[in-house]
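Colleague: Give the three-dimensional model of this entry:
(2 chains)
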Number of protein chains: 2
Amino acid sequence: MRTAPDNAVRSFVAEHTADFLGELEEWLRIPSVSADPERAPEVRHSAEWLVAALRRTGFPVAEVWETEGGPAVFAEWPSGEPDAPTVLVYGHHDVQPAAREDGWATDPFEPVRQDGRLRGRGAADDKGQVFLHTLGLRAHLAASGRTAPAVNVKLLVEGEEESGSPHFGALIRAHADRLACDTVIVSDTGMWSEDTPTVCTGMRGLLDGQIDLRGPDQDIHSGSFGGAVPNPAVEAARLVAALHDEDRRVAIPGFYDGVVELGPRERELFAELPFDEAAWLRGAKSHAALGEAGHTTLERIWARPTAEVNGLHSGYGGPGGKTIVPADAHIKFSFRLVAGQDPARIRQLVTDWVAAKLPDGIRHEVGFWGEGTRPCLTPLDHPALRAQVRAMGRAFGQEIRYTREGGSGPAADLQDLLGVPVLFLGISVPSDGWHSVDEKVDLDLLLTGVQAAAYLWEELAADWAREPWPAAGA
Amino acid sequence: MRTAPDNAVRSFVAEHTADFLGELEEWLRIPSVSADPERAPEVRHSAEWLVAALRRTGFPVAEVWETEGGPAVFAEWPSGEPDAPTVLVYGHHDVQPAAREDGWATDPFEPVRQDGRLRGRGAADDKGQVFLHTLGLRAHLAASGRTAPAVNVKLLVEGEEESGSPHFGALIRAHADRLACDTVIVSDTGMWSEDTPTVCTGMRGLLDGQIDLRGPDQDIHSGSFGGAVPNPAVEAARLVAALHDEDRRVAIPGFYDGVVELGPRERELFAELPFDEAAWLRGAKSHAALGEAGHTTLERIWARPTAEVNGLHSGYGGPGGKTIVPADAHIKFSFRLVAGQDPARIRQLVTDWVAAKLPDGIRHEVGFWGEGTRPCLTPLDHPALRAQVRAMGRAFGQEIRYTREGGSGPAADLQDLLGVPVLFLGISVPSDGWHSVDEKVDLDLLLTGVQAAAYLWEELAADWAREPWPAAGA
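Modeller: Predicted coordinates for the structure are as follows:
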């Protein structure tokens, strides 16, 4: 196995930075806003631009994949090595809406380099983090003297991520054979901070839906009937209140069955992160921390399942009062799930629990917005994760720490539909302003990410050569 | 004391029924809808019409009293007897909105006699029940040979009751000297049914308002922050759920302190009423009975205090889901109060309870729509009540049973501001369609009510002569 000397990678990256950034800026000028139907031609333009850029990079295969919505891009670069593993990089080329009038310092689709940062919609989320792989691969080849990567590299760059990936599952299913791989690298996440490089090891799952309660056939007079018939607003509240016990643990029987608990080492690693709760609360626009007893804030948002109420509506909401017993009540809920929890099983537990909780006279329906998103988690000792951490360590020259993501994303679809572990390679930091005004990417971090991507392929290949990786969830 | 022979009253009423109904129909043709600003001239017309009718009846004083809204009518007819008590009759001359297009069989302001009933807006609520006193008084005089009533009769007929009586308290305060009396007869209620004449002995009080909770300064992402900060929707639900214990008793400490409990005799009397719970539930458009343990449905709605939620709103309410922790939550509540409960004291208990219940990070405000309405209750053994029951018994020729009203009304203002007990003389029945289409009054019941009103004055006078009545709440 030929490995790339670190100084060779650094030199190659330095020599090609100007061209790399120029090309990235060209891509950022394409306003590929998937949420805006009028920008559909720009989303297509962005896909076609990326195909051309990947061909210039050297990918022998690079093509647009149609979906029922915005087009995706697929590219493939086989390794020369017969036993090399196959690694699929995931990202997206669509971006959030943005307009100068929202408060941007400059036109969001006219990128500007300033103070060591590149500002523009998509700079961090996700064009910058996708595009770093082009220079990363070229540096890998140049520094190692290869003509093809050390692993079979595949790239899937979605065009609807900012619109909720409505056709992503279908896309994966339709192309499962061409997407077959041994691991997925998600290049659409962040790090703890500029000073603390980290790798994300998992995302929570999601199951969300609505509970509708119906009591009287219409709003009725609270003086004539209140206190003698069930009130859907009160019953909805009792249901929501019963979601958590006094320790703020989710009180639905069986909810925690099978949950992969945090080990002592992972709790230590979380606790070692330079977490400033007061600053975090300011970011959360909140005035106190509150959650499951026995867990820190980071554990609560990264590694513990939750039950949240996103909306609760019943009865009169106008000015003043109205002495009614409302006819109905509606609860919008979302459960975040962690490894070991199956959305289909939780769905059944919730459905049964609601039915058992309500008194006679309250009719109900429980609905879910979809099948749910599964959680994903790569164990700290997974060899592919260890290889990624080595690659990042070489690039950053620092110890790489571990985080997780509290949110839920299409990474789980890749994990589940392809049956492989998912790694997260991200170099964005919280101050990059995802989905906000003045989105930007730190140029030092971006180019360090290019180096990490350059080392990644040989680290993964070397590890695989010692022993192929276990499948997802194993 | 000259008493009117029952057959003389009956004959007089029979002889004058045609004129009486003709006049009432004339009044019903005036669309005195207080809620409709365009009908303000009709409300005034109605007041002036009533003044003229009362003068024709023989009232030496009958005048329009201005308020900041619709005008009221006051009339006074002193007794010849030096020691006679003073009785104030309360009713209202404004009506609910009504239009043929709402589904009325005929024009709501063109009264029709059909099947023994008089149909038209206001027939039962409240013009019919106010107007019965005119013929009642004339029958009282004619049958007893008097030239003035056996008691000092006063009449206060409000013009804004269907709009929530916004200026009624001020009206009473402004004219407290002229309204001074020994008891109030509220002629704006109903009886159990055509076959079961009853007298109402009390109404519940009311205290309503709103609780506003604020958590994050804006809606925040439930994946990033949910489960680690307090969620106002969840906290609102926990607050509402804590309003009642498992026996569905109100769980606010001190809430039941001082409550006048039902005695065994009153519970027996309630239980003897021909109550059909299935039919009642159909009327309540509800599918089960549920309320405070240890009490029947009638006890729950008539004699027990309650806590109801009239509205509950937090977070997202549109189609589908939105994974947020909402910024705020709003609870609209109403408490029905019974004798022994002071709205001002309950207000303090509620305010303190809310403050003690909420976790750090949830800011809150508790507001009330007003000072609340006090409950009123006339004990079964109150001599004025016994006199009324005798009068009704003579008219109906049946045992008179006892009910209460679950709702709340201006009767309590009269009780509190004038410091006198309140009696309820009503002959309307649930099928009369108050506030609904095809409002009507049963002509047999209306004319029986006229007779009861005729006997009432001498029964009250006789009782008073034996011993003056105790004051309100005594």
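Colleague: alpha carbons only for contacts and neighbour counts from here, please
Modeller: Will do.
Colleague: SS state for A:Arg121?
Modeller: Here A:Arg121 is coil, with the state taken from DSSP: H, G, I helix; E, B strand; the rest coil.
Colleague: what do you get for the one 4 residues further on?
Modeller: In the three-state summary, A:Asp125 is assigned as coil, counting by three-state DSSP.
Colleague: From what I see, it and A:Pro97 are in contact.
Modeller: No: A:Asp125 lies out of contact with A:Pro97 (C-alpha atoms under 8 Å); the separation is 11.8 Å.
Colleague: Compare these two and say which one has the larger neighbour count.
Modeller: Between A:Asp125 and A:Pro97, counted using other C-alpha atoms under 10 Å in any protein chain shown, the more crowded position is A:Asp125 (29 against 20).
Colleague: what's the least confident helix or strand in chain A, going by average pLDDT?
Modeller: Using mean pLDDT, DSSP states H and E, the weakest-scoring helix or strand in chain A turns out to be helix A:411-418, at a mean of 86.
Colleague: Would you tell me what the next helix or strand after that helix is?
Modeller: strand A:422-424 (DSSP states H and E).
Colleague: if you average pLDDT over that following strand, what comes out?
Modeller: The average pLDDT within strand A:422-424 is 94.
Colleague: Poorly predicted segments of chain A, please.
Modeller: Counting by pLDDT under 70, the ranges of chain A that qualify are A:1-4, A:472-474.
Colleague: Which of the three states applies to A:Gly340?
Modeller: coil.
Colleague: With adjacent residues omitted, what lies nearest to it?
Modeller: Of all residues not flanking A:Gly340 in the chain, A:Val259 sits nearest, at 4.5 Å (C-alpha to C-alpha, 6 or more residues apart in numbering or on different chains).
Colleague: same check, this time on A:His140
Modeller: In space, A:His140 comes closest to A:Ala454 once its chain neighbours are excluded; the distance is 4.5 Å by C-alpha to C-alpha, 6+ apart.
Colleague: Please apply the same query to A:Ser222.
Modeller: A:Ile324 (4.6 Å).
Colleague: re the thing from before, let me know how buried the residue nearest to A:Gly340 is, in neighbour terms.
Modeller: Counted with other C-alpha under 10 Å, residues neighbouring A:Val259 total 16.
Colleague: The residue nearest to A:His140: neighbour count?
Modeller: 33.
Colleague: Can you give me every residue that contacts it?
Modeller: A:9, A:133, A:135-140 (C-alpha atoms under 8 Å, 6 or more residues apart in numbering or on different chains).
Colleague: And for A:Val184?
Modeller: The contact partners of A:Val184, taken as C-alpha under 8 Å, 6+ apart, are A:87-90, A:414-415, A:420-423.
Colleague: Which element is encountered next along the chain beyond the helix or strand harbouring it?
Modeller: Take DSSP H and E as the rule and A:Val184 turns out to sit in strand A:183-186. Heading C-terminal from strand A:183-186, the first helix or strand you meet, by DSSP H and E, is strand A:198-203.
Colleague: hmm, who's touching that next one?
Modeller: Residues from elsewhere that reach strand A:198-203 (C-alpha under 8 Å, 6+ apart): A:189-192, A:302, A:338, A:375-380, A:389, A:400-409, A:411-412, A:422-426.
Colleague: swap the cut-off to 7 Å and go again
Modeller: For strand A:198-203, contacts defined as C-alpha atoms under 7 Å, 6 or more residues apart in numbering or on different chains pick out A:191-192, A:375-378, A:400-408, A:423-425.
Colleague: With stretch A:44-63 instead?
Modeller: By C-alpha under 7 Å, 6+ apart, the residues outside stretch A:44-63 that reach it are A:27, A:30, A:32, A:64, A:70-77, A:93, A:134.
Colleague: Strands - which of the residues you listed land there?
Modeller: Among the contacts of stretch A:44-63, the members falling in strands (DSSP state E) are A:64, A:72-77.
Colleague: Highest neighbour count among these?
Modeller: A:Ala72 (28 neighbours).
Colleague: Number of residues surrounding the closest residue to that one other than its chain neighbours?
Modeller: Closest residue to A:Ala72 apart from its sequence neighbours, by C-alpha to C-alpha, 6+ apart: A:Glu158 at 4.5 Å. A:Glu158 has 24 neighbours, counted by other C-alpha under 10 Å.
Colleague: Is A:Glu158 in contact with A:His92, as I believe?
Modeller: Yes: in this structure, A:Glu158 is within contact of A:His92 by C-alpha atoms under 7 Å, at 4.3 Å.
Colleague: before we move on, the earlier item: distance from the chain centre to the strand holding A:Val184, please.
Modeller: Strand A:183-186 sits 12 Å away from the centroid of its parent chain (C-alpha atoms, centre = their mean, to the nearest Å).
Colleague: Show me the strands paired with it, marking each as parallel or antiparallel.
Modeller: strand A:86-92 (parallel), strand A:422-424 (parallel) (DSSP bridges).
Colleague: ok so, going back, before we move on, what SS does the residue nearest to A:Gly340 have?
Modeller: Classification of A:Val259 by three-state DSSP places it in coil.
Colleague: The spatially most central residue of chain A and A:Met203, how far apart?
Modeller: For chain A, the residue sitting closest to the mean C-alpha position, by C-alpha atoms, centre = their mean, is A:Gly409 at 4.1 Å. Shown here: A:Gly409 relative to A:Met203, a distance of 7 Å by C-alpha to C-alpha, to the nearest Å.
Colleague: just A:Ala391 next, same as before
Modeller: Taken as C-alpha to C-alpha, the span from A:Ala391 to A:Met203 is 21 Å.
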